[in-house]
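[1] model this:
(one chain, ligands or ions: 1)
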Amino acid sequence: METLRGLVYRRIYSNTQNTYCVFVVRDYNDEYITCTGRFEAPKDGEDLELKGRYVEHEKYGFQFDASSIEKLKPDNLGSARLYLLNLGIKGLGEKSVEKIIDYFGTELLDVLREARPESIKDVPGLRKSVKEELFNTLLGEGILSDLNHFFESHNISAKWSHIVYTYYGSSAVLVLQDNPYTLLRIAPDMTFATADTLANQLGIPGDDERRLEAALNWILRGLDDQGHTCLPVDELIGKAVDVLKGYADEFADYVEMVIGQGILYSTYFDDILYIYPPELYVAECESVNYTKRFLEASSPVSLDIENFISNFESKHEITFGEEQKEAIDLAFFEQFSVITGGPGTGKTTIIKALVEGFQLGGFSRIILCAPTGRAAKRLTEATEYEATTIHRLLMPVQGSDSYDFIKNEDDSLEADVVIIDEASMLNVRLYYSLLAAIPREAHVIIVGDVDQLPPIGAGFVLKDLLLSSVVPYKRLKKIYRQDSGNSIVESAYLINKGEMPELESTGEFTFVPVNSLVGMMNAITSIYGREKEFVDDELDIQIISPMRKGKAGSISISQYVQQSVNPAHSSKAEIRANGLTYRVGDKVIQILNNYELEVFNGEIGVIYGISKTDVLIRFIHKDVRLSIDEIHMIMPAYAITVHKSQGSEYGTVIIPFIPMYSNMLQRNLLYTAVTRAKKKAIIIGTKAAIERAVHTVNIEDRYTLFTERLRGECDG
Ligand SMILES: Nc1ncnc2c1ncn2[C@@H]1O[C@H](COP(=O)(O)OP(=O)(O)OP(=O)(O)O)[C@@H](O)[C@H]1O
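    Below you'll find the predicted structure:
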């Protein structure tokens, strides 16, 4: 590790989100050196000591890559004056600084050096607010410097100093000394191995409870992403042995102890002990309780259903099939029901009938909702009844956990009927939040295609509800779609059955063979450009890729397409952020929930303006102004992943499908991708890749006891 000392000459860049910054330092030999680091950007004129290494950046040349930063304390009254002025405290101008120097004299240097901020409070003639802020700032400077020393003395990057200080203030170092694994909870990019190295240096033994507890939390926190709500204890111990490098018995004893103490949640079923993270345990058990509550309730609709169906049929010139009638009947009759079926089986038509029927039956407060904005929009258009996303319906609590909603059991929705479409996307946490907010007397109808990809997050509620055999459901099999898109539907059904679809070179379901990655990229670009000419709205064409990262991933495809369909031009403003270029006219996707602007994960829009401070985006439901600091919340979206496309439909879908996607070549992934297309599905790839997907059933099972609980086979 090398050391660089000098004054900050100029700040070049700082990202407040991930605290990456670039600045120029004038060292004591009057050399100007560009420095980079991940910490709060220093201010111009500050005297610094940086630790890190000199590197040769391929584009920007010779630089100092700093892993820690320390503001040097002044060693004469001149630099002390500058130091205080540079703190940027409101009201601490030349005159106030003079008062401080007059009061302390040269003793001020000791006050600053030894971080004795309390004596600042004795300076006469300073405003109280200025004293307080100066006190807090000097205190913070002292603690940050202690934290930097703490990390450096253990050979660990000091980039985490700031976050630890934000959480623990003056006790930060003590907290870390007591339990270095605390870092895993507060620093998102901390790994178990790094925290473990620190713990080891602090003398924490391998079988220490703090270490076992950290390993347990580390494993459980990944469960949601893997789709599980729980893990069998043996599997948990196996994972812990990998993390802890041994200590199986100690870990098993620890798990037993915390279960005994009621800290860890578990359920015994079929001779296996399943371990849950608390929030997933609550979500699963409460989901089941709410479902049972609806299953037990009854508030019949006063409607002559047969008569209603025949009137609806005449009004809309349609004849319902038997299974469709049964589905309608079920939804009116039962308080809680599920309707499932593939594309074109009439799910949306049935929803439309239910809306009309419930209204006639005196149930006027009907809520239609879906997990995504596009699905809600489509539902609104098809049923001529306003639908909304589940997130908008439940109203997220700002700045809180993504499943924390204003609407809940205590402040429930005003509804007589709630119909949830695209229910294959419901994970157990969203389902729990939704059910909690639905009043006890309301009818609940869950509609979706269980053969789609499982949801992002833990559980597969739609599949589990159907599997339980205690929930009234109707499975629709007959396909009605006659108009455009029929051969897409036929192909999707073949894929779902494990059979190869017809690979034609023209028509609604077309296959464009390519034999290389470059060939695929070129074909995607030219087909995207061609199809764009046929639609009014570019958002109606979507490239859907099996994966996000890698040379054939959605990010890479988006960049490739951007160059061709929306190249740089002097008339088009652009901005570069996180290694990507965003340009006016580009299609982008929101990747995080922005509660303030009410734009949620998965929504796609088009950039229509870029200024120095803002990016203006037109989403389907509203235009938003995103500040440059929030640009990490969007990604280019000429191509998105199949997972992100769930719940949305597009006129034309372009699906890259080459062997390079290897493990992602699975049946339900291809089925989900193809069923996103309404008018045209174009697969660009190889026959072998399609064959592999058609014959590969994703056998990855999700650990949950949702079905078993619903059947009453195991308790909470
Ligand atoms: N009983 C029926 N007789 C004739 N046409 C029908 C019948 N049921 C549905 N349809 C028509 O079939 C097409 C597909 O129906 P619908 O959109 O309701 O199905 P879906 O299950 O929601 O499928 P997708 O998810 O693909 O939209 C529509 O054009 C609809 O009008």
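[2] burial count for residue 449?
    Per other Cβ atoms under 10 Å, the neighbour tally for residue 449 reads 21. In short, each C-beta sits where N, CA and C put it, glycine included.
[3] what about it, distance to residue 332?
    22 Å (Cβ to Cβ, to the nearest Å).
[4] in the stretch 501-650 of the chain, what residue lies closest to the ligand?
    residue 649 (7.1 Å; Cβ to the nearest ligand atom).
[5] so that residue touches residue 374, yeah?
    Yes - look at residue 649 against residue 374 with Cβ atoms under 8 Å: they come within range, at 6.8 Å.
[6] tell me the contacts of the closest residue to the ligand within the stretch 101-250 of the chain?
    In the stretch 101-250 of the chain, the residue that lies nearest the ligand is residue 227 (23.7 Å; Cβ to the nearest ligand atom). Going by Cβ atoms under 8 Å, 6 or more residues apart in numbering, residue 227 touches 454, 455, 457, 458, 459, 460, 700, 702.
[7] name the helix or strand for residue 615, please.
    strand 614-619 (DSSP states H and E).
[8] what average pLDDT does that strand get?
    Mean pLDDT, strand 614-619: 92.
[9] tell me the strands beside it, with direction?
    strand 604-610 (antiparallel), strand 623-627 (antiparallel) (DSSP bridges).
[10] can I get that strand in CSV, CA atoms only?
    Only the C-alpha atoms of strand 614-619 are listed here, as CSV (Å, rounded to 0.1, in the frame of the first residue of the first chain):
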residue,chain,number,x,y,z
ASP,A,614,-32.2,15.4,-14.9
VAL,A,615,-33.4,12.7,-17.2
LEU,A,616,-37.0,12.9,-18.5
ILE,A,617,-38.7,9.6,-19.1
ARG,A,618,-42.1,8.9,-20.6
PHE,A,619,-43.5,5.8,-18.9
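[11] list the buried residues in it.
    614, 615, 616, 617, 619 (16 or more other Cβ atoms under 10 Å).
[12] likewise stretch 476-490?
    In stretch 476-490, counting by 16+ other Cβ under 10 Å, buried: 476, 479, 480, 481, 485, 487, 488, 489, 490.
[13] how about those residues, which pair is most distant?
    Comparing all pairs in the buried residues of stretch 476-490 by Cβ to Cβ, the longest separation belongs to 476 and 487, at 19.6 Å.
[14] min pLDDT across the contacts of residue 227, which one?
    Among those, residue 700 has the lowest pLDDT, at 66.
[15] quick revisit: now that we have the contacts of residue 227, can you turn them into CSV and tack on secondary structure?
    Formatted as CSV, those follow (DSSP: H, G, I helix; E, B strand; the rest coil):
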residue, secondary structure
454, coil
455, coil
457, coil
458, coil
459, coil
460, coil
700, coil
702, coil
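[16] make CSV out of the residues you listed and add distance to residue 83.
    CSV is the format used below for the contacts of residue 227 (distance: Cβ to Cβ, whole Å):
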residue, distance to residue 83
454, 57
455, 54
457, 49
458, 51
459, 55
460, 59
700, 58
702, 57
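[17] my read: residue 276 touches residue 265, true?
    Yes - in this structure residue 276 lies within contact range of residue 265 using Cβ under 8 Å: 4.3 Å.
[18] between the two, who's got more neighbours?
    residue 276 (25 against 21).
[19] which strand of this structure spans the most residues?
    In the chain, ranked by residue count with DSSP state E as the criterion, the top strand is strand 2-14.
[20] counting neighbours, which bits of it end up buried?
    4, 6, 7, 8, 9, 14.
[21] the first one contacts residue 64, doesn't it?
    Right, the one you point to is residue 4. Yes - in this structure, residue 4 is within contact of residue 64 by Cβ under 8 Å, at 5.2 Å.
[22] returning to that earlier point: quick one: which of the buried residues of strand 2-14 is nearest the ligand?
    For the buried residues of strand 2-14, the residue nearest the ligand by Cβ to the nearest ligand atom is residue 14; the value is 47.0 Å.
[23] check contacts around that closest one.
    20, 21, 22, 23, 40, 41.
[24] which positions in the protein make contact with the ligand?
    The chain has residues 318-321, 324, 341, 343-349, 480-481, 483 near the ligand, with proximity defined as Cβ under 6 Å from any ligand atom.
[25] doesn't residue 398 lie inside a helix?
    No - Residue 398: not assigned to a helix; according to three-state DSSP it is coil.
[26] so, low pLDDT: which residues of the stretch 301-450 of the chain?
    399-401 (pLDDT under 70).
[27] switch to 80 and redo it
    374, 398-402 (pLDDT under 80).
[28] could you do the stretch 551-700 of the chain as well?
    In the stretch 551-700 of the chain (pLDDT under 80), the answer is 578, 592-596, 598, 600-601, 612, 620-621, 629, 698-700.
[29] which parts of it are strands?
    Secondary structure of the stretch 551-700 of the chain (DSSP state E, counting those that start in this stretch): strands located at 574-577, 580-583, 587-590, 604-610, 614-619, 623-627, 634-636, 639-641, 650-657, 677-685.
[30] who touches the last one?
    When contacts are taken as Cβ under 8 Å, 6+ apart, the neighbours of strand 677-685 outside the stretch itself are 484-485, 488, 491, 503, 508-514, 520, 523-524, 527, 531, 649-658, 673-674, 690.
[31] show me which helix runs longest in this structure.
    helix 128-153 (DSSP state H).
[32] so the next helix or strand after it versus helix 128-153, what angle?
    Counting by DSSP H and E, the next helix or strand C-terminal to helix 128-153 is helix 161-168. Calculated by axes from the mean of the first three to the mean of the last three Cα atoms, to 10 degrees, helix 161-168 forms an angle of 120 degrees with helix 128-153.
[33] whichever helix or strand comes after helix 161-168 - contacts with which helices or strands?
    On the C-terminal side of helix 161-168, the closest following helix or strand by DSSP H and E is helix 172-178. Judged by 3 or more Cβ pairs under 8 Å, 6 or more residues apart in numbering; DSSP states H and E, the packing partners of helix 172-178 are helix 128-153, helix 161-168, helix 182-186.
[34] mind putting the ones you listed into JSON lines with mean pLDDT?
    Converted to JSON lines, those look like this (pLDDT from 0 to 100):
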{"stretch": "helix 128-153", "mean pLDDT": "83"}
{"stretch": "helix 161-168", "mean pLDDT": "85"}
{"stretch": "helix 182-186", "mean pLDDT": "92"}
